[in-house]
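1. 3D, please:
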Amino acid sequence: QFFDFADNGIVKFPPTSLGRIAMRSGDADELEALYRRVEITVGRTNFGMRVFNGVGLLSAPYVLPGNAGILVLLANYTDYPAEDITLHILGRWTKATLDTPGRAGESLMVYPVKENTAIEIPKLFRMGAVRVQ
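-> Numbers count the residues shown, from 1 in each chain. Purely as a prediction, here's the structure:
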């Protein structure tokens, strides 16, 4: 349903025999126009958190009970450590710590950016939890 607005003038998505969407090899060149249309439709709305340099990471933010902060769970699905990750979390926060297996309470660099707070994670091997206060 998300791609209902796409028409053959942008990119062709022919149905397969399984009822799924498939892309033909020649359609790859047209993806830029589709991306621009999605960007215009969705916009650059801040949905609360953005992850930069997080290729291969799964992130899940949670509000802690009693509004005691934010907990961001991170899982690295690559075969190598994720490095130089930056989280942008909506609001003004002053402290962030990273807990990973075998290492707890590592302080992270925190600084303001526009309406967000940036948090820098130097390296993440497999998984971690970032507590933002």
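2. CA only for contacts and neighbour counts going forward, please
-> Will do.
3. What's the local residue count around the nearest residue to residue 86 once chain neighbours are set aside?
-> Of all residues not flanking residue 86 in the chain, residue 120 sits nearest, at 4.6 Å (C-alpha to C-alpha, 6 or more residues apart in numbering). By other C-alpha atoms under 10 Å, 18 other residues sit near residue 120.
4. give me every residue that touches residue 120.
-> 84, 85, 86, 87, 108, 109, 110 (C-alpha atoms under 8 Å, 6 or more residues apart in numbering).
5. Just the buried ones among the residues you listed, please.
-> Buried members of the contacts of residue 120, scored by 16 or more other C-alpha atoms under 10 Å, are 85, 86, 87, 108, 110.
6. May I have the strands that pair with the helix or strand containing the third one, each with its orientation?
-> Think residue 87. Assessed by DSSP states H and E, residue 87 sits inside strand 82-90. With DSSP bridges as the test, strand 82-90 is paired with strand 49-52 (antiparallel), strand 116-124 (antiparallel).
7. Next SSE downstream of that strand?
-> Toward the C-terminal end, the helix or strand that comes next after strand 82-90 (DSSP H and E) is strand 96-100.
8. helix or strand right after that next one?
-> Strand 96-100 is succeeded, C-terminally, by strand 103-107 (DSSP H and E).
9. Sort out which residues of that following strand are buried, please.
-> For strand 103-107, a neighbour-count test (16+ other C-alpha under 10 Å) marks nothing as buried.
10. export it as CSV, just CAs?
-> Coordinates of each C-alpha in strand 103-107 appear next as CSV, following Å, rounded to 0.1, in the frame of the first residue of the first chain:
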residue,chain,number,x,y,z
ARG,A,103,31.0,-4.0,30.1
ALA,A,104,28.6,-1.7,31.9
GLY,A,105,28.2,2.0,32.3
GLU,A,106,30.5,3.3,29.7
SER,A,107,30.0,7.1,29.4
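11. Excluding covalently adjacent residues, which one is nearest to residue 80?
-> Nearest non-adjacent residue to residue 80 (C-alpha to C-alpha, 6+ apart): residue 125, at 6.9 Å.
12. what does the model give residue 62 for pLDDT?
-> pLDDT recorded at residue 62 is 89.
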